[in-house]
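# Sharing a model that was predicted from the sequence below.
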Amino acid sequence: NVPVSLNGYGLSDKKDQPFQWVFPDFQVRPGEYLLVFASGKDRRQAPAYWNTVISKDDEWRYLVPKSEPATNWRFNDFNDSSWLIGKSGFGFGDDDDATKIPDASCVYMRKKFNVSTPSDVTQLILHMDYDDGFVAYLNGQEIARSNMIDGGQFPDYSALATGQHEAVIYQGMIPEKFMIDNPSALLKVGENVLAIQGHNIFSTSTDLSVIPFLSIGTSEPPVNPRNIALLNLETTQLHT
């Protein structure tokens with residue numbers, strides 16, 4: 001019930017070297033906990049407070065296109081009221097899909113979330129469970145892609161993934177992690193939009209899957225958090 005300073009505490013896996021790694025000057029506040037893992041890297045910065053603002057089973061606006069959507073579909077000012085609403089994951093209805101879509105080569109998705117103070121955001125991580133390729137945008141700017149044509153090119157709705165990639169959550173594994181550079185410059189005060197286009201490798205493929213997670217790291221506890229944990233998703237568990 002009182003703050004505890006970790007300054008001077010040591011962590012080690014060797015009895016004869018009890019201070020192999022020394023904690024930075026960091027306080028654990030009353031009622032909080034700290035999850036620590038050994039990575040082999042000497043990271044000196046204070047840990048971040050993580051808030052997973054987008055997770056599995058969240059509702060998204062989505063479109064299974066039959067023609068090219070409006071060019072501004074990935075931006076904040078796009079009106080997506082005519083798009084359908086469904087929970088992620090999106091796919092053909094196997095065990096990792098909450099929203100079944102018709103057999104198609106791609107799906108377009110939009111999810112709004114709020115950030116009160118972008119300048120407080122020190123880290124931003126996108127985790128993607130996907131089959132087979134995708135491109136992700138934050139407020140219209142590309143932040144990640146995999147198994148698609150080279151960066152800088154916007155794949156059209158009929159584009160196919162350039163390689164096969166199997167979804168992993170249903171196998172008990174952690175989805176792929178994408179660290180987002182300079183997050184405070186990408187985020188806006190108030191409403192933000194994560195937009196994703198997921199693509200299949202074949203138009204006749206029997207599987208398609210898109211399950212995004214977006215986690216925000218701040219140096220101070222977030223206001224009205226959805227989920228707070230001091231964590232690093234390089235551990236063996238996925239925290240949502």
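Yep, it's here.

# okay, and the helix or strand of the chain with the least pLDDT?
Here the helix or strand of the chain ranked lowest by mean pLDDT, DSSP states H and E is strand 228-229, holding a mean of 44.

# neighbouring contacts of stretch 116-125?
Contact partners of stretch 116-125, identified using Cβ atoms under 8 Å, 6 or more residues apart in numbering, comprise 48, 115, 177-180, 183-190, 214-220, 223, 233. In this view, the C-beta of every residue, glycine as well, is placed from N, C-alpha and C.

# Return a PyMOL selection command for the buried portion of those residues.
Remark: buried members of the contacts of stretch 116-125, expressed as a PyMOL selection using 16 or more other Cβ atoms under 10 Å:
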select buried, resi 48+115+180+183+186+187+214+215+216+217+218+233
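
# so residue 186 makes contact with residue 180?
Yes. Taking Cβ atoms under 8 Å as the definition, residue 186 is a contact partner of residue 180 at 6.9 Å.

# Report the set of residues contacting both of those two.
Common contact partners of residue 186 and residue 180 (Cβ under 8 Å, 6+ apart): 124, 138, 143.

# which phi and psi does the residue nearest to the second one when sequence neighbours are not counted have?
The spatially closest residue to residue 138, leaving aside those adjacent along the chain, is residue 186, at 5.1 Å (Cβ to Cβ, 6 or more residues apart in numbering). Per-residue torsions, residue 186: phi -80, psi -30 (degrees, to the nearest 10).

# Next, the contact list for residue 186, please.
Residue 186 makes contact with 124, 138, 139, 141, 143, 180, according to Cβ under 8 Å, 6+ apart.

# Filter these down to the buried ones.
Judged by 16+ other Cβ under 10 Å, buried ones among those: 124, 138, 139, 143, 180.

# Read off the pLDDT value for the most far-flung residue of the chain relative to its centre.
For the chain, the C-alpha farthest from the mean C-alpha position belongs to residue 16; by Cα atoms, centre = their mean, that distance is 40.0 Å. pLDDT, residue 16: 92.

# Just the pLDDT for residue 107.
The score at residue 107 is 96. That number is its pLDDT.

# Confirm that it sits in a helix.
No. Residue 107 is assigned strand when assessed by DSSP: H, G, I helix; E, B strand; the rest coil, not a helix.
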